[in-house]
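Q: Next comes the sequence, and after it the predicted model I'd like to discuss.
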Amino acid sequence: MSHRTQDVGQLPASYRHNRPLLSGVSQAEARQPGKAPHFSVNWVVGTADVEVIDATTGRRSCGRSSRLCKHRLSARWVRLYGKLSTRIPRHGDTPSMYCEAKLGARTYQAVKQQLCKAFQKAGLGTWVRKPPEQDQFLL
């Protein structure tokens, strides 16, 4: 995929076009999605616990949300952003909803547009959009 988006163009300094070296399929037998596990596992450096997520619900076995879900990650971002001494505090500086924060990331939005245009130019189709209500939650 990364080689088919060669025309992504010049990106801002904080972004880069990753081109991972991927080998071909090591088995001649095709992947059978029905055999995929119904769970995923994640861990964080510096913690002893492993988080097992039910792939059908996106939640842990105890019913709590994952530490990797959008809501928990964005809550951490808001806490960190509030601690930055280099930012210029303004009224309404910190967005109250996730969708506002995402739209407010202007450089990210511009780079995403560049990538979408590169996909279309390469004949890879259009960016699949999620339902907007998925991003409409309070931070």
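A: On my side now, so go ahead. Numbering: from 1, shown residues only.

Q: Chain neighbours aside, what residue packs nearest to the residue nearest the centre of the chain?
A: By C-alpha atoms, centre = their mean, the chain has its centre lying nearest to K70, at 8.4 Å. With sequence-adjacent residues excluded and distances taken as C-beta to C-beta, 6 or more residues apart in numbering, K70 is closest to Y98, at 6.4 Å. Placement of C-beta: from N, CA and C, glycine included.

Q: how close does the one you found get to E133?
A: Taking C-beta to C-beta, to the nearest Å as the measure, Y98 and E133 are separated by 11 Å.

Q: shaky segments in this protein?
A: 1-6, 22-34, 85-94 (pLDDT under 70).

Q: just so I have it, where are all the strands in it?
A: Listed in chain order, the strands of the chain (DSSP state E) span 39-43, 50-54.

Q: Could you identify which of those is most buried?
A: strand 50-54 (a mean of 14; mean count of other C-beta atoms under 10 Å).

Q: ok, and what's touching that one?
A: 38-43, 59-61, 66-68 (C-beta atoms under 8 Å, 6 or more residues apart in numbering).

Q: Same question for stretch 101-117.
A: 5, 8-9, 11-12, 14-15, 74, 77-78, 95, 126-127, 135, 139.

Q: among the residues you listed, which ones are buried?
A: Buried subset of these (neighbour count, 16 or more other C-beta atoms under 10 Å): 5, 8, 74, 95, 135, 139.

Q: What about those residues, which are in helices?
A: Using DSSP state H, S74 are the members of those that sit in helices.

Q: Any chance of the buried ones among the contacts of stretch 101-117 in CSV with distance to A48 as columns?
A: Shown next, in CSV, are the buried ones among the contacts of stretch 101-117 (distance: C-beta to C-beta, whole Å):
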residue, distance to A48
T5, 39
V8, 40
S74, 25
P95, 34
D135, 32
L139, 29
